[in-house]
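Engineer: The sequence and its predicted three-dimensional model are supplied below.
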Amino acid sequence: VPRNFRLLDELERGEKGLGDPAVSLGMDDADDLLMYSWRGTILGPYDSVHEGRIYQLKLYCDDDYPSKPPSVKFQSRINMTCVNQETGLIDSKNFAMLADWKPDFTMEDVLTQLRKEMAASHNKRLPQPAEDSIFL
C-alpha cells in the first residue's frame with residue numbers, strides 16, 4: 001500500500017474514532033499535504049499514577065513510513081522507562097514495538113502500546129511531574 005493511502009486510512013480511523021477510545025490521533029497541521037506531522041492523545045490508564053491525566057504526543061512519519069516506525073515524542077511530561085527525560089522522545093531501544101517495528105503496525109498501535117506500557121509494573125507507580133508540565 002502506498003504511503004499516502006496508508007496515512008489517509010489512519011487519518012480516517014482517527015477522525016472517526018474507530019479504534020481504541022483511550023487514544024486519539026490526527027494531523028498536526030491540516031496544510032501538511034505529505035502527512036508528516038501528527039498529534040496523539042493518550043488517556044492515562046486506570047489504577048496507575050497516570051489515571052485521570054491526558055497526555056499529548058507528537059508523531060512524525062518520514063518518507064519511509066510504514067516501512068520504518070514514526071518518531072514519537074511526548075509533549076506532556078511523563079516519567080517512563082522508555083521516555084528520554086530531557087526531550088520526551090521515545091527511546092526505541094526501550095520500547096519493544098518501535099525496536100521490533102513491522103510495517104503493518106499503525107500509529108494508533110503505538111499509542112495503545114504506550115498506554116499499556118504506562119500501566120506496566122515498572123512504570124505504573126513511578127513518581128510523575130506536575131500534571132500541566134511539558135517537554136520543551
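Structural biologist: Good, I have the coordinates.
Engineer: hey, let's count contacts and neighbours off CA atoms from now on
Structural biologist: Fine.
Engineer: Go through the chain and flag its longest helix.
Structural biologist: Counting by DSSP state H, the longest helix found in the chain is helix 3-16.
Engineer: Report all helices and strands that it contacts.
Structural biologist: Here helix 3-16 touches strand 23-27, helix 107-118, going by 3 or more Cα pairs under 8 Å, 6 or more residues apart in numbering; DSSP states H and E.
Engineer: Is it possible to get TSV of the ones you listed that adds distance to Glu51, mean pLDDT and mean neighbour count?
Structural biologist: Formatted as TSV, these follow (distance: least, Cα to Cα, whole Å; pLDDT from 0 to 100; neighbours: other Cα atoms under 10 Å):
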stretch	distance to Glu51	mean pLDDT	mean neighbour count
strand 23-27	14	96	21
helix 107-118	10	97	20
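Engineer: Reformat those as CSV; add distance to Asp62.
Structural biologist: Below are these laid out as CSV (distance: least, Cα to Cα, whole Å):
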stretch, distance to Asp62
strand 23-27, 14
helix 107-118, 13
